[in-house]
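K.L.:
Based on what follows, work out the 3D shape:
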Amino acid sequence: MSVRLVLFGPPGAGKGTQAARLSERLRVPAISTGDIFRANIAGGTELGRKVVAYTSRGALVPDELTDALVRDRLARPDAEAGFLLDGYPRNVAQVEALDAMLADAGTPLDAVVEITADPEAVVDRLLKRAAIERRVDDTEDVIRHRLDVYADQTAPIAKVYADRGLLVQVDGIGDLDEVTERLVRAISPALAH
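P.N.:
Residues are numbered from 1 along each chain as shown. Next comes the predicted model:
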């Protein structure tokens, strides 16, 4: 199956979990900038040190670093037949960068899915995750700041993709299987091509 999807939503909406589930179901790689960043942080790389300088205070990693990582990842052979981008693009400038990457490859997006979630449910979810995973970047102040940054910078991409007729919205709160089924139903028109 060939499908090219973008999955976005506020921090804690369940993008990573659902991206992994959809990736397996659709047999395309889930490409998460967050996972790439965390791997570099854990590995103590130079990029990881640059990334942590931003994420530790709830800021987003600069576009030029993120765009380069995504361009490199989309060029790998496993992404030729399709992919699911998890958390990228995060702003209108990254939408334009992704447009250029896809135009160069001659591979348009099939759908863009926004996972929605109540902000208070997200704060609770992320505080629980922080305690379990011992994530230093998930304090309540940082979480709320990340939600504000999302509202200011990322939420506007919904309009861009809605204007293109690519956007579908899915509620990310609920049982994992229920949310996955909502996502599959929402993208089924894109899968029918």
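
K.L.:
Could you use CA atoms for every contact and neighbour count after this?
P.N.:
Fine.

K.L.:
ok now the helix or strand bottoming out on mean pLDDT in the chain, how far from the chain's centre?
P.N.:
Least confident helix or strand, the chain: helix 33-42 with a mean of 80, by mean pLDDT, DSSP states H and E. Relative to its chain's centre, helix 33-42 lies at 13 Å (C-alpha atoms, centre = their mean, to the nearest Å).

K.L.:
cool, and stretch 91-101?
P.N.:
Centre-to-centre, stretch 91-101 and its host chain are 14 Å apart (C-alpha atoms, centre = their mean).

K.L.:
Is it correct that Arg4 falls within a strand?
P.N.:
Yes. Assessed by DSSP: H, G, I helix; E, B strand; the rest coil, Arg4 belongs to a strand.

K.L.:
got the contact list for it?
P.N.:
Gly82, Phe83, Leu84, Pro108, Leu109, Asp110, Ala111 (C-alpha atoms under 8 Å, 6 or more residues apart in numbering).

K.L.:
Adding pLDDT, neighbour count and distance to Pro62, write these out as CSV.
P.N.:
Below are the contacts of Arg4 laid out as CSV (pLDDT from 0 to 100; neighbours: other C-alpha atoms under 10 Å; distance: C-alpha to C-alpha, whole Å):
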residue, pLDDT, neighbour count, distance to Pro62
Gly82, 93, 23, 26
Phe83, 95, 22, 23
Leu84, 95, 26, 21
Pro108, 92, 15, 24
Leu109, 95, 17, 23
Asp110, 94, 19, 26
Ala111, 95, 24, 25
